[in-house]
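Novice: fold the stuff below for me.
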Amino acid sequence: MATIRQLQSGKWNAQVRITGCKPKSSTHLTREAAEQWAKEQENLVHSSCATIQKLSPVYLEEVMTLSGKQRGGYEAICHRLRTLSKGLPASLTLITSADVAEYKNKRLKIVQGASVRLELQLLSRFLRWASTEKGIECSDVVKQVKLPSPSKPREKIILPHEYSMIMDNVSDRIKPIITLAYETAMRRGEILSLKPSMINFRKRVIHLTHTKNGEERDVPLSTTAIALLTQLCDGRNHDSILFPYADYTISQAFRRAVRKCQIHGVCFHSLRHTAITRYAEKGLSTVQLQVISGHKSIGMLARYSHIRASSVSDLMG
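Specialist: So this is what the prediction gives:
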């Protein structure tokens, strides 16, 4: 905040103090000149003190939580923001395309290109948000840097015997979550947001109000899913969360089970790929699969469906 005061000499002194930044002071002949200087300095100091670390909580609250848009999951975004904060100049106004290119090259020596691509895409969105929503004098310098190639679509699905092994190695509290993912192709965050009030047992659907693409959708339920949800909702408050767990808790539990079973190349999200593939191999049409998965485009749906040639042969007769 700025403090304007008149000195004994008749001149006007302006002081600018912002938490975390060095105070600035200047003396002028008129009050108007002092106020103008203070305003300019506040803008400059505000921009120079704007860092990824300081703005991350605001970004997570405004963009991630309130909008319901969670690309890659809340915990993953937090981790990427922390990584970006450590590897780039503190002030957003000082980040250049050369800094981004250097960051990219250093990170490529540590993690896969797909991970670096996700980090830089997040940085691009973060810089645009800081500029347009917070008035920070920064620009999207990421667009001048060539991003690493995107990852190849996951091809590994969980086979029936592998699914059984995983279920034998997870706790009872995690089993229902894995079952729902396997039966419905719902995302982890969608399952963790479930309340009894969202389930229509007569129509056999779950109504989701917050999804990855920001649109509401109904998820059809299999007989197994209906039986499980009936048991889980029995005696529960309609507005209570069925699974009050953090995202990472579920992912960690799943990874531990996978390691015990010595199953390679799968994660919790593989259950979504597996469910879509299972229903595709049963002969469901593309439109029917889109209802299950919630994908808007056939192209994206194709990335999730890994139909085996032998399954097609069975359908051919």
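
Novice: please enumerate the helices of the stretch 101-250 of the chain.
Specialist: Counting by DSSP state H, counting those that start in this stretch, the stretch 101-250 of the chain has these helices, from start to end: 113-134, 160-168, 175-184, 188-192, 223-233, 247-261.

Novice: which neighbouring elements make contact with the fourth one?
Specialist: With contacts defined as 3 or more CB pairs under 8 Å, 6 or more residues apart in numbering; DSSP states H and E, helix 188-192 has these neighbours: helix 175-184, helix 247-261. Yep, even glycine has a C-beta here, placed from its N, CA and C like the rest.

Novice: between those helices, which one is closest to residue 290.
Specialist: Nearest of those to residue 290, taken as CB to CB: helix 175-184 at 14.0 Å.

Novice: which of the residues in the closest one are buried?
Specialist: For helix 175-184, burial by neighbour count (16 or more other CB atoms under 10 Å) applies to 176, 177, 178, 179, 180, 181, 182, 183, 184.

Novice: repeat that for stretch 217-236.
Specialist: Neighbour-count burial for stretch 217-236 [16+ other CB under 10 Å]: 217, 219, 221, 222, 225, 228, 229, 232, 233.

Novice: and the average pLDDT for it is what?
Specialist: Regarding stretch 217-236, the rounded mean pLDDT is 92.

Novice: other residues contacting it?
Specialist: Applying CB atoms under 8 Å, 6 or more residues apart in numbering, the contact partners of stretch 217-236 are 176, 179-180, 183-184, 186, 190, 196, 199, 201, 204-208, 211, 242, 291-292, 294.

Novice: mind doing that once more with 7 Å?
Specialist: Under the contact criterion CB atoms under 7 Å, 6 or more residues apart in numbering, stretch 217-236 has outside partners 176, 179-180, 183-184, 186, 196, 199, 201, 204-208, 211, 242, 291-292, 294.

Novice: pull the distance from it to the chain's centre.
Specialist: 26 Å (CA atoms, centre = their mean, to the nearest Å).

Novice: before we move on, what about stretch 127-147?
Specialist: For stretch 127-147, the distance to the chain centre is 19 Å (CA atoms, centre = their mean).

Novice: identify the residues contacting it?
Specialist: 47, 50, 55, 59, 63, 92-93, 95-97, 100-101, 104, 117, 120, 123-124.

Novice: now the residues you listed: which count as buried?
Specialist: 47, 50, 55, 59, 63, 92-93, 95, 100-101, 104, 117, 120, 123-124.

Novice: residue 25 in helix, strand or coil?
Specialist: Look at residue 25: counting by DSSP: H, G, I helix; E, B strand; the rest coil, its state is strand.

Novice: tell me, how many residues neighbour it?
Specialist: 13 (other CB atoms under 10 Å).

Novice: who's in contact with it?
Specialist: 13, 14, 15.

Novice: dump those residues into JSON lines; add secondary structure, pLDDT and distance to residue 109 as well.
Specialist: Listed next are the contacts of residue 25 as JSON lines, based on DSSP: H, G, I helix; E, B strand; the rest coil; pLDDT from 0 to 100; distance: CB to CB, whole Å:
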{"residue": "13", "secondary structure": "strand", "pLDDT": "90", "distance to residue 109": "52"}
{"residue": "14", "secondary structure": "strand", "pLDDT": "87", "distance to residue 109": "48"}
{"residue": "15", "secondary structure": "strand", "pLDDT": "85", "distance to residue 109": "46"}
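
Novice: against residue 193, how distant is the closest residue to residue 104 other than its chain neighbours?
Specialist: Among residues not flanking residue 104 along the chain, residue 116 sits closest, at 5.8 Å (CB to CB, 6 or more residues apart in numbering). Using CB to CB, to the nearest Å, residue 116 is found at 30 Å from residue 193.

Novice: same deal with residue 159?
Specialist: From residue 159 to residue 193 the distance is 29 Å (CB to CB).

Novice: likewise residue 227?
Specialist: Distance from residue 227 to residue 193, counting by CB to CB: 21 Å.
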